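how would this look folded up:
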Amino acid sequence: MEIVGRLSQTPIQEHRQMTASHRDAVQIASILFLVSFVQVGSLRAADTKIWEEFPGDKALAHVQRLVDFGPRPAGSKAVEKSRDYIEDQLRRSGWQVTRQAFSDDTPRGKIQFVNLIAQF
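This next block holds a predicted model:
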């Protein structure tokens with residue numbers, strides 16, 4: 001039913017929806033990224049203050065880096081750069097990262113997607 005709704009939209013409506021979904025994706029990625037650091041901090045000694053190890057300006061710099069890649073529709077170079085950046089940052093923090101690739105049908109045809117799965 002959702003696909004039918006998308007197909008009946010004008011190109012401007014579709015662009016606005018894609019822009020909003022990209023913004024939402026950045027927000028979700030940022031939250032997941034930050035949660036990963038909180039989890040790392042919680043595994044350390046109880047007296048460790050995570051906000052001293054990972055200050056807000058550093059979090060903002062990560063978000064800015066992801067935003068600077070620009071729109072990241074599935075299959076784009078920008079989404080791959082974002083994925084590489086997140087994977088690199090997770091690995092530097094001690095996480096093991098694997099990629100789960102799959103393809104799916106979309107209103108724009110079959111598109112390749114990749115999930116990042118991180119384990120600490």
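
mind listing what residue 102 touches?
Each residue near residue 102 by Cβ atoms under 8 Å, 6 or more residues apart in numbering is listed here: 112, 113, 114, 115. Heads up, the C-betas are built off the backbone N, CA and C, glycines and all.

List the ones among the residues you listed that fall in strands.
When those are checked against strands (DSSP state E), the matches are 112, 113, 114, 115.

Report the two of those separated the most.
The most widely separated members of the ones in strands among the contacts of residue 102, counting by Cβ to Cβ, are 112 and 115 (11.6 Å).

OK, contacts around residue 116?
If you count contacts by Cβ under 8 Å, 6+ apart, residue 116 has them with 83, 86, 87, 90, 97, 98, 99, 100.

quick one: it and residue 107, what's the gap?
Remark: distance between residue 116 and residue 107 (Cβ to Cβ, to the nearest Å) = 24 Å.

Tell me which helix or strand residue 61 sits in.
helix 56-68 (DSSP states H and E).

can you count the residues close to residue 82?
Residue 82 has 21 neighbours, counted by other Cβ atoms under 10 Å.

what does residue 106 give?
Residue 106: 14 surrounding residues under other Cβ under 10 Å.

Make TSV out of the contacts of residue 102 and add pLDDT and neighbour count.
Formatted as TSV, the entries for the contacts of residue 102 read as follows, by pLDDT from 0 to 100; neighbours: other Cβ atoms under 10 Å:
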residue	pLDDT	neighbour count
112	91	10
113	92	13
114	93	15
115	93	10
